[in-house]
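Below is the sequence, then the predicted model.
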Amino acid sequence: MKNKFDYLIIGQGLAGSILAYTLLEKGKRVLVLDEPKLQNCSKVAAGICNPITGRNLVRTWKSNQLFPFLNDFYPKLEKQFDCEFFFKTPVYRPFQTLEQQQDWSAHEDKINEEVIYPKKRFLTENVDDKLGGLLIKNGGHLRTDIFLETIKKYLIEKNAYQEELFDFEKLTLNNESENKNVIYQDIIANHIIFCRGAADKTNPFFEKLPFAPAKGEILHIDFDKDEKTVRELNQIILNKGCWLVPFKESKSNLNNKVEESFTTIFRTGSNYDHKDLSLEPTQKAKEEIETKLKAVLNLDYQIRKHEVGIRPATRTRKPLIGTHKDYPQISIFNGFGAKGVSMIPYFAWQFVEYLSTGKELDKEVRIDK
């Protein structure tokens, strides 16, 4: 006897997890297939949310839609699952050049609802911010490892998770009936959605999409816990040439006031490599990250871990979402690159609306396949 579902989702990274959750909340029958032993970029991602990016310090694409959505989505799930994984944390961007500082000074009112512009150095010890910088208020980071494990437990409780390596050879498309569907071993689903990250570059149904996977490496480092600067760094995400994110476990509630826990462990990175897509950490990337870190931070540390992920980036720098033009029972929800934490909650909602009601997807993410 076949097990019947509305949606069969392939992959339990951030995209697959959030999409599955969103569909389940809509009352859909969902099954996620995932092989956890495979490399999953989501598990090692820094999970940074930053509404102001780039050398020119401009708004992230669609930030006015993305950030209100994510700032509601993740705290709601923390409350639902009684688990902490989302840390609202301002991003501090020291100016890299005098020209950058002067340009901002001349136009400091352009996005002042998002940015605090300190008139003096924000950090005064061990950090190279002699030109000052910007404190971006609406930032944060997600502990993706905790989040993914939390969603996995939820899916298991809902009988919506199966540990299995997906095999295209075992997939059958039923195109004969009016209501087309897919059959995979003992599973019948009205729709299959691929969320396999960089692996979908070789997906036979979507291999012509503009994927441009990029290898990224990050370091886990441990500072001297007695350093005053480390306590200050716990309150921000430092971003100058490289990023530095506190690797926090929890938030404590003292007298009804949430106070961030203190840690000496941070993650720092990252590099982009479109040529070497191996899963092996490299000395070259390690040296590149450390050179950037030491240029902005004068503190001793020990490297505790060196991790690698292959980002599902695209040549357009936009996600790839939609349904195959020849097979209406096959879709893809992928290509979020390094900004998945910011983009996926909003676009999962939009995609579910599209699947449920036919409401149009954003033209910049809709696939033409």
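Noted; the coordinates are in hand.

what's the nearest residue to residue 281 if we skip its chain neighbours?
Nearest residue to residue 281 in three dimensions, chain neighbours excluded: residue 306, at 4.4 Å (Cβ to Cβ, 6 or more residues apart in numbering). From N, CA and C alone the C-beta is placed, and that goes for glycine too.

And the one you found, how far from residue 286?
Per Cβ to Cβ, to the nearest Å, residue 306 is found 6 Å from residue 286.

Ok, residue 360 next?
Distance from residue 360 to residue 286, counting by Cβ to Cβ: 45 Å.

before we move on, the earlier item: other residues contacting the helix or strand that contains the residue nearest to residue 281?
Mapping residue 306 onto the secondary structure by DSSP states H and E places it in strand 301-311. When contacts are defined by Cβ atoms under 8 Å, 6 or more residues apart in numbering, strand 301-311 is touched by residues 39-45, 197-198, 213-224, 265, 272, 277, 279-281, 286, 337-338.

which residues touch the closest residue to residue 65 other than its chain neighbours?
Using Cβ to Cβ, 6+ apart and skipping the chain neighbours, the partner closest in space to residue 65 is residue 346 (5.8 Å). Remark: with contacts taken as Cβ under 8 Å, 6+ apart, residue 346 is in contact with 62, 65-66, 69-70.

repeat for residue 19
Counting by Cβ under 8 Å, 6+ apart, residue 19 touches 9, 193, 195, 333, 344, 348, 351-352.

If we go by neighbour counts, what in the host helix or strand of it is buried?
Residue 19 belongs to helix 14-25 when assigned by DSSP H and E. By neighbour count with 16 or more other Cβ atoms under 10 Å, helix 14-25 contains the buried residues 14-24.

Now do it, average pLDDT.
Confidence for helix 14-25, expressed as mean pLDDT, is 97.

Return that helix as CSV; C-alpha atoms alone will do.
Only the C-alpha atoms of helix 14-25 are listed here, as CSV (Å, rounded to 0.1, in the frame of the first residue of the first chain):
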residue,chain,number,x,y,z
LEU,A,14,17.2,25.6,5.8
ALA,A,15,15.1,25.8,2.6
GLY,A,16,13.5,22.3,3.0
SER,A,17,13.0,22.7,6.7
ILE,A,18,11.2,26.1,6.6
LEU,A,19,9.2,25.1,3.5
ALA,A,20,8.1,21.9,5.2
TYR,A,21,7.1,23.7,8.4
THR,A,22,5.2,26.3,6.4
LEU,A,23,3.2,23.7,4.5
LEU,A,24,2.5,21.7,7.6
GLU,A,25,1.1,24.9,9.3
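
Strand partners (parallel or antiparallel) of the helix or strand that that helix is followed by?
Under the assignment DSSP H and E, the closest C-terminal helix or strand after helix 14-25 is strand 30-34. Paired neighbours of strand 30-34 in the sheet (DSSP bridges): strand 3-10 (parallel), strand 161-163 (parallel).

mind putting the ones you listed in CSV, mean pLDDT, distance to residue 142 and mean neighbour count included?
Putting the strands paired with strand 30-34 into CSV (pLDDT from 0 to 100; distance: least, Cβ to Cβ, whole Å; neighbours: other Cβ atoms under 10 Å) gives the following:
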stretch, mean pLDDT, distance to residue 142, mean neighbour count
strand 3-10, 96, 20, 21
strand 161-163, 97, 20, 17
